[in-house]
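Student: the amino acid sequence is not available; the structure is as follows:
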Ligand code: HEM
């Protein structure tokens, strides 16, 4: 039923755009162009991160289901990930009250600076501690526990003096969660410590150890949007409420096994107390 809904919704949008010659600078338009082989690599500004064009244009005979599945990845990849990370962040803030207090101080300093004016995109973007808290949440609870790649050419990987020969077509899994919880890369990995991402400590972090949004040209397409969405949500949530643990809060949380992404087995429970 969900599949039929997606098929039909995408079909209607495509039909309306074709019939009425509607052009919007969005994913559907890019996919329509790719389907019709009208995209050429380099049509887009590299800075805009529309960098999958070369690969998309290799796919000459798209079925409607190919089209729909691209749209489905966009929708579902951007929903559970954001809600789960926001839930884990609320959980960690309820448990780690000192972090919540420090984050609220940063929020209040922005509100004071603004003096009743609307808070802007730039304000949220400038918040260093908020960024640290969210990055630490993404480290401890990465939604993709591994990322995968297919080898496009043979390659010898040197692992601790042992050579692993990869063939074209081999799939490799890069274990993001184990890396994020490995004390060689993050000391006391079970501790929720946003200060490990303080600007003066960032240089101590190794390269390629934080994989919450993946890596390289196939890095999460929605990462900046997701960060801004979650930061904005917490800006206002902490302005209005105090988050505290409830009788049902489970810490450390037990994870469910039904999904491939980490989520708390019995749900996320905490108290919201309205601030004066
Ligand atoms: C906290 C939220 C999110 C997390 C943790 C997350 C994480 C990821 C990860 C790990 C990948 C794989 C990257 C790789 O293989 O290197 C990915 C891919 C992707 N994500 Fe996200 N994501 C989030 C939010 C979003 C949102 C909001 C959108 C859409 C608006 C989105 C759209 C995509 C798409 C389209 C891909 C595939 C990119 C490609 O293959 O070129 N994601 N995401």
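Tutor: Yep, that arrived. Source: prediction; values computed, not measured.

Student: so residue 92 sits against residue 138, correct?
Tutor: No: Residue 92 is beyond contact range of residue 138, at 11.1 Å (criterion: Cβ atoms under 8 Å). Just so you know, the C-beta spots here come from the backbone N, C-alpha and C atoms, and that holds for glycine as well.

Student: please say which of these two ends up with more neighbours.
Tutor: Between residue 92 and residue 138, counted using other Cβ atoms under 10 Å, residue 138 has the larger neighbour count: 25 against 21.

Student: show me what contacts residue 275?
Tutor: Contacts for residue 275 (Cβ atoms under 8 Å, 6 or more residues apart in numbering) come out as 239, 240, 241, 242.

Student: tell me, how many neighbours does the first one end up with?
Tutor: Here the count is done by other Cβ under 10 Å, and residue 239 has 14 residues near it.

Student: name the element it belongs to?
Tutor: Assessed by DSSP states H and E, residue 239 sits inside helix 223-240.

Student: and the ligand, is that helix touching that?
Tutor: Yes: remark: helix 223-240 sits within contact range of the ligand at 225, 226, by Cβ under 6 Å from any ligand atom.

Student: how about that helix: buried residues?
Tutor: Residues 226, 227, 230, 231, 234, 235, 237, 238 are the ones in helix 223-240 that count as buried (16 or more other Cβ atoms under 10 Å).

Student: how about the residues you listed in JSON lines, adding pLDDT?
Tutor: Converted to JSON lines, these look like this (pLDDT from 0 to 100):
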{"residue": "226", "pLDDT": "96"}
{"residue": "227", "pLDDT": "97"}
{"residue": "230", "pLDDT": "98"}
{"residue": "231", "pLDDT": "98"}
{"residue": "234", "pLDDT": "98"}
{"residue": "235", "pLDDT": "98"}
{"residue": "237", "pLDDT": "98"}
{"residue": "238", "pLDDT": "98"}
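
Student: closest one to the ligand out of the residues you listed, please.
Tutor: residue 226 (3.6 Å; Cβ to the nearest ligand atom).

Student: over to the nearest residue to residue 152 once chain neighbours are set aside. Which of the three states is it?
Tutor: Leaving aside its sequence neighbours, residue 152 sits nearest to residue 168 (Cβ to Cβ, 6 or more residues apart in numbering; 6.5 Å). Judged by DSSP: H, G, I helix; E, B strand; the rest coil, the three-state class of residue 168 is coil.

Student: number of residues surrounding residue 168?
Tutor: Using other Cβ under 10 Å, residue 168 has 10 neighbouring residues.

Student: what residues does this structure put near the ligand?
Tutor: Taking Cβ under 6 Å from any ligand atom as the criterion, the chain approaches the ligand at residues 52, 73-74, 77-78, 81-82, 85, 143-144, 147, 212-215, 218-222, 225-226.

Student: among these, which lie within strands?
Tutor: In strands, defined here by DSSP state E, the members of these are residue 147.

Student: among the residues of the chain next to the ligand, name the buried ones.
Tutor: Using 16+ other Cβ under 10 Å as the burial test, those include 52, 77-78, 81-82, 85, 143-144, 147, 212-214, 220-221, 226 as buried.

Student: so which residues of the stretch 101-250 of the chain form helices?
Tutor: Listed in chain order, the helices of the stretch 101-250 of the chain (DSSP state H, counting those that start in this stretch) span 121-125, 128-140, 176-180, 223-240.

Student: give the residue spans of the stretch 1-150 of the chain that score low on pLDDT.
Tutor: Applying pLDDT under 70 to the stretch 1-150 of the chain picks out residues 40-60.

Student: in it, what residue is nearest the ligand?
Tutor: Closest point on the stretch 1-150 of the chain to the ligand, by Cβ to the nearest ligand atom, is residue 78, at 2.9 Å.

Student: I figured that residue hits residue 223, correct?
Tutor: No: using Cβ under 8 Å, residue 78 is not in contact with residue 223, being 10.1 Å away.

Student: which ones are touching the residue nearest to residue 152?
Tutor: Going by Cβ under 8 Å, 6+ apart, residue 168 touches 151, 152, 153, 154.

Student: redo that, cut-off 10 Å
Tutor: Listed by Cβ atoms under 10 Å, 6 or more residues apart in numbering, the contact set of residue 168 reads 150, 151, 152, 153, 154, 155.
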